[in-house]
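> sequence-free structure coming up:
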Ligand SMILES: Nc1ncnc2c1ncn2[C@@H]1O[C@H](COP(=O)(O)OP(=O)(O)OP(=O)(O)O)[C@@H](O)[C@H]1O
């Protein structure tokens, strides 16, 4: 293997030498002479020699080890090498290993669907042939952007070129309600995040994600949304951020699932929103359902159950951890009650805890809010209602656009949730509405909207089509922005 690597490396070095000599000669002689020299050099080295004997998968492994720069040089050595060194699988591998992309599929989705910015193209008639080698090169030129997913409970922040968020903070505890359009609060919030990332605001574009709020299709809700938008843009531009892209969390979660249409069920910190989205646009006219139940309620419910069972704990953080580590959603609640469901977990600094029925009774609150004293419809009923509204809205285009249901939010990571939602929808909806429905668990766990933002931030066309610059904002503050 090392011999072969050396041989491949020699080819890279040879290519570097010839390109240097060719370019230096081009400055001193005529174009015709340079072309002739280059041609003869290439003919002389047009075979792959021993490398040709190798099975292509072995050769592919060697190229993977050489890395993208060397492979790009090799691709001009000869025809056979050009073909293998341009193989999309190889460049998908480099996109994953050198540019921290989660998968080739998400790059393909982004470049074919999101690259021309918002509004998204309504219908892509045929999928174009993409060269991932070309995309790799273009993406290498794109400056990294800052991503701030300002969840109402927990903020996740980091760099688009990194694999995952680099930090988190408890938004509500630290900054209060960032959905209320208070300039000073937002300015403090953003300044603190930039400080924690140790980065100057004027260097990179920023992608900001905010929870879906003021969701009604009324004039006053529209005015509140506009006010919040303007406060976000004004606070960031006053900090000299060069360009801002603000998208709501639900739309980003849909992009993370490689979709542009569907229903996003975001189980948030205090409320759950069920958001129909068509071609990247929130269908407020169809109706966003909001249920007054979120992560906080579930933690509170488990705390009460533990207190009733004389399980003592020092901090609410322990209860939250037990919820995350031990709770799950029962497929059949009644049947689960008769099973042995004991399980234990060692919470840091507090020792071992054993939970039993609380493990599935806690998430059951989502389906039976009255368990927690909340008067609201269950999650499944709210989703079914949204599906009905989408069906009868009879919007132009694909009739089944709403049949992909993407779960989002930390609570949506509870094991068994997608299966249970699907089962309940099967019972609640007539077959012509249910057939084709697919419920997808959060594609990137609790950080799903952050990853949706990363997909946008690493586009080969970013920031061009997605961002608003300070100048644009100052000239036209009320321009219709992505929300
Ligand atoms: N694996 C898990 N299982 C269950 N709950 C989880 C899991 N991971 C995180 N959570 C819970 O998710 C909650 C935080 O959710 P999330 O980060 O989505 O909130 P948020 O983005 O601030 O909400 P919002 O959508 O209102 O802005 C916490 O209560 C946490 O305990």
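Happy to help now that I have it. As the structure is a computational prediction, the values presented were derived from the model and not from experiment.
> could you report the pLDDT at residue 151?
On the pLDDT scale, residue 151 is placed at 86.
> for the spatially closest residue to residue 197 that is not a sequence neighbour, give me phi and psi.
Distances taken as Cβ to Cβ, 6 or more residues apart in numbering put residue 157 closest to residue 197, at 6.3 Å, once the chain neighbours are dropped. (Glycine included, C-beta is placed from N, CA and C.) The phi/psi pair for residue 157 (degrees, to the nearest 10) reads phi -140, psi 160.
> how near is residue 157 to the ligand?
Per Cβ to the nearest ligand atom, to the nearest Å, residue 157 is found 12 Å from the ligand.
> likewise for residue 392?
Distance from residue 392 to the ligand, by Cβ to the nearest ligand atom: 28 Å.
> helix or strand right after the lowest-mean-pLDDT helix or strand in the chain?
In the chain, no helix or strand scores lower on mean pLDDT, DSSP states H and E than helix 31-44, which sits at a mean of 38. Using DSSP states H and E, the helix or strand that follows helix 31-44 in sequence is helix 56-66.
> residues of that following helix that come out buried?
By neighbour count with 16 or more other Cβ atoms under 10 Å, helix 56-66 contains the buried residues 59, 60, 62, 63, 66.
> stretch 428-439 now?
Neighbour counts over stretch 428-439 (16+ other Cβ under 10 Å) mark 428, 429, 433, 434, 437, 439 as buried.
> for this structure, which residues are neighbours of the ligand?
With Cβ under 6 Å from any ligand atom as the criterion, the chain meets the ligand at residues 151-154, 211, 249, 266, 268-269, 295, 299, 320, 323-324, 409-411, 413-414, 446.
> mind redoing it with 5 Å?
Within the chain, the positions near the ligand by Cβ under 5 Å from any ligand atom are 151-154, 211, 268-269, 295, 320, 324, 409-411, 413-414, 446.
> hmm, who's touching stretch 184-193?
Stretch 184-193 is contacted by residues 148, 150, 155, 157, 169, 171, 174-176, 178, 201, 231-232, 235-236, 238-239 when judged by Cβ atoms under 8 Å, 6 or more residues apart in numbering.
> so which bits of it are buried?
185, 186, 187, 188, 189, 190, 193.
> okay, the fourth one and residue 154: tell me how far apart.
Going from residue 188 to residue 154 by Cβ to Cβ, to the nearest Å gives 17 Å.
> which parts of this structure are strands?
For the chain, the strands defined by DSSP state E cover 146-150, 155-159, 167-169, 206-210, 243-248, 262-267, 272-278, 281-282, 289-291, 343-347, 351-355, 404-408, 438-440, 468-469.
> run the chain-centre distance for the fifth one.
The one in question is strand 243-248. How far strand 243-248 lies from its chain's middle: 14 Å, per Cα atoms, centre = their mean, to the nearest Å.
> in helices only, show me the buried residues of stretch 184-193.
Among the buried residues of stretch 184-193, the members falling in helices are 185, 186, 187, 188, 189, 190, 193 (criterion: DSSP state H).
> how long is stretch 151-171 end to end?
Counting by Cα to Cα, to the nearest Å, you get 7 Å between the two ends of stretch 151-171.
> which residues touch it?
Outside stretch 151-171, the residues that touch it by Cβ under 8 Å, 6+ apart are 99-100, 144-150, 172, 177-179, 189, 192-193, 196-197, 207, 211, 249, 268-270, 294-296, 410, 446-447, 449-450, 453-454, 457-458.
> repeat that for 6 Å
For stretch 151-171, contacts defined as Cβ atoms under 6 Å, 6 or more residues apart in numbering pick out 100, 144-145, 147-149, 172, 178, 193, 196, 211, 269, 447, 450, 454, 457-458.
> ok, now stretch 296-311?
By Cβ under 6 Å, 6+ apart, stretch 296-311 touches 269, 270, 319, 320, 323, 358, 362, 365, 372.
> looking at the stretch 201-350 of the chain, which residue is nearest the ligand?
When distances are taken as Cβ to the nearest ligand atom, the stretch 201-350 of the chain reaches nearest to the ligand at residue 268, 2.5 Å away.
> hmm, residue 408 and that residue touching each other?
No. Using Cβ atoms under 6 Å, residue 268 makes no contact with residue 408, being 8.8 Å away.
> and those two? Which one has more around it.
Neighbour count, other Cβ atoms under 10 Å: between residue 268 and residue 408, residue 408 has more, with 32 against 25.
> contacting residues around the closest residue to the more buried one other than its chain neighbours?
Nearest non-adjacent residue to residue 408, counting by Cβ to Cβ, 6+ apart: residue 253, 3.7 Å away. When contacts are counted by Cβ under 6 Å, 6+ apart, residue 253 touches 264, 406, 408, 448, 449, 452.
> could you flag which of the contacts of stretch 151-171 are buried?
144-145, 147-149, 172, 178, 193, 211, 269, 447, 450, 454, 457-458.
> so how far is residue 342 from the closest residue to residue 246 other than its chain neighbours?
If the residues on either side of it in the chain are set aside, residue 246 comes closest to residue 208, at 4.7 Å by Cβ to Cβ, 6+ apart. The gap separating residue 208 from residue 342 is 44 Å, by Cβ to Cβ.
> cool, residue 330 as well?
In this view, residue 330 and residue 342 are 15 Å apart by Cβ to Cβ.
> more crowded one of those two?
Each of residue 330 and residue 342 has its neighbours counted (other Cβ under 10 Å); residue 330 has more, 20 against 11.
> ok so, going back, most neighbours, which of the contacts of residue 253?
Of the contacts of residue 253, with other Cβ under 10 Å as the count, residue 264 tops at 34 neighbours.
> spit out the contact partners of that one.
Per Cβ under 6 Å, 6+ apart, neighbours of residue 264: 250, 253, 254, 275, 406, 408.
> one more time with 7 Å, if that's ok
Neighbour list for residue 264: 250, 253, 254, 275, 277, 406, 408 [criterion: Cβ atoms under 7 Å, 6 or more residues apart in numbering].
> okay if I get the residues you listed as JSON lines plus pLDDT?
Formatted as JSON lines, those follow (pLDDT from 0 to 100):
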{"residue": "250", "pLDDT": "97"}
{"residue": "253", "pLDDT": "98"}
{"residue": "254", "pLDDT": "98"}
{"residue": "275", "pLDDT": "98"}
{"residue": "277", "pLDDT": "97"}
{"residue": "406", "pLDDT": "98"}
{"residue": "408", "pLDDT": "98"}
